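> model this:
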Amino acid sequence: MLQHHPTPTRSDVFIPLSAVDGTPFPLPAYRNGIRASAFKVDIKVAAPMKAFRVTGVMPFGSQQQDFTQDVTAKSKSAAKHIVLSILGSRHKASRRKIEIASIQVIDPEDSLDPKVQNHFRGRAASSTGEEEE
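Here you go, the predicted structure:
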């Protein structure tokens, strides 16, 4: 015969007990509205973003088309991934069929891409240490 088990209520919920003295573990503390965690995560400072110019060849039907794409990324491998993602999404091209010829770090002011210009807006004068008057 099957027995009916009611859904647990708040008082029936299992509370883990300390192996040392059998007392319940303390509930998570909140500090300034943020839950304090028992697992401390090292906060890593993000690597500075750079402007990259990626050039290569990709298929368009039965022809091959050269492309040049300017992107902001942390590294060359990240820039490659971004370009493959953009071109694959826009043109339904497989990553295997996109051939990347070069990935170069460029000065953000040399780029015509609005996203690159927007990302580095206001940083060019501060990065060289010169102030315009």
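
> Give me the neighbour count for the residue lying closest to Gln117 once chain neighbours are set aside.
Excluding the flanking residues, the one nearest Gln117 by C-beta to C-beta, 6 or more residues apart in numbering is Ser111, at 6.3 Å. In this view, the C-beta of every residue, glycine as well, is placed from N, C-alpha and C. Neighbourhood size, Ser111 [other C-beta atoms under 10 Å]: 19.

> give me every residue that touches Ser111.
Contacts here follow C-beta atoms under 8 Å, 6 or more residues apart in numbering; on that basis Ser111 touches 51, 53, 70, 117.

> how much space between it and Ser89?
Ser111 is 21 Å from Ser89, where distance means C-beta to C-beta, to the nearest Å.

> what's the answer for Ser77, then?
19 Å.

> ditto for Ala101
Going from Ala101 to Ser89 by C-beta to C-beta gives 21 Å.

> give the contact list for the closest residue to Pro108 other than its chain neighbours.
What sits nearest to Pro108 in space, not counting adjacent residues and going by C-beta to C-beta, 6+ apart, is Phe120, at 3.7 Å. Contact analysis of Phe120 by C-beta under 8 Å, 6+ apart lists 51, 72, 108-109.
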